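Novice: predicted model and sequence follow; I will ask about them next.
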Amino acid sequence: MRHAVSRERQRPRTRLRRWRLLAASGSALVVAVALLGAAGVLPLGNVRMVASAGDSVLVDRSRQIADRSQRAGGEQPTSRPAATARPTAAPSPSHTTATKQAPAGVADATVALDAVSATVGDKMPAGTGDGKRIVYSLSANRVWLVGADDTVGRSYLVSGTKFGQVSPGSYQVLRKRRHTTSYDGADRMQYMVTFTHGRNAAIGFHDIPIVISTGRAIQTRLQLGQSLSDGCVRQDPADAKALWEFAPVGTKVVVLR
């Protein structure tokens, strides 16, 4: 048993001796070839090839013997470190899609306004007469379109005069203009239905005026129901068109306090 162990221990030394002999032989071969090349016996290119081949053989052989020596001594061959995986980059903010929601209350306000503008059957004050007519309440800032059978076909909020230029009473449609401007030329309106005259100009129903210099509406739809005009009756564009189509020249207009 001791002899077997001693033999195993002596094997690496024997292999190292063989390696030394091989290295010495290889070196002698390289030196001999170099001398022959210097003397002109062998071409210089062949000398370089032999030298390179000899070096490669010696290097490979030395690695093999070194590996065997390490294994015999109980050592494990050194392995190359594993490649480190590159961390995945986080998505760029420019590629992130964000969904924006409309501010709360905006859509609801629009729907609510449309519902008010198109309300059918709102209770109309008594004593407005009979037959087809337009009923306009100064205090309520509301208009009713009443059919020939005394049925309310449309009721909606408006913005009437803030200067008291219109008095309660009975009127009729005098003129209709699809496009017009204010008396000072600063604003433009559509669907003008005139039923009386004020101090400076005709007074009638039309849509919300647009300021010509800025292209913006003079008021918002949400402000309908307030007395904001100089004398005319401002309406939502849809309601202004509905009244325009409803009332030909001569249609009765009843103005209530």
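Specialist: Perfect, I can see it now.

Novice: mind listing the helices for this protein?
Specialist: Per DSSP state H, the chain carries helices over the ranges 2-39, 44-72, 106-117, 237-246.

Novice: where does the stretch 1-150 of the chain dip in pLDDT?
Specialist: Scanning the stretch 1-150 of the chain for pLDDT under 70 picks out the ranges 1-122.

Novice: helices or strands up against the strand ranked longest in the chain?
Specialist: Looking across the chain with DSSP state E, the single longest strand is strand 187-197. Here strand 187-197 touches strand 169-172, strand 175-181, strand 202-207, strand 210-211, helix 237-246, going by 3 or more Cβ pairs under 8 Å, 6 or more residues apart in numbering; DSSP states H and E. C-beta here means a position set from N, CA and C on the backbone, and glycine is covered the same way.

Novice: using a markdown table, lay out these together with distance to residue 193 and mean pLDDT.
Specialist: A markdown table is the format used below for the helices and strands packed on strand 187-197 (distance: least, Cβ to Cβ, whole Å; pLDDT from 0 to 100):
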| stretch | distance to residue 193 | mean pLDDT |
| --- | --- | --- |
| strand 169-172 | 11 | 98 |
| strand 175-181 | 5 | 98 |
| strand 202-207 | 5 | 98 |
| strand 210-211 | 18 | 98 |
| helix 237-246 | 6 | 99 |
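
Novice: which of these is buried the deepest?
Specialist: Compared across the helices and strands packed on strand 187-197, strand 202-207 shows the largest average neighbour count, a mean of 24 (mean count of other Cβ atoms under 10 Å).
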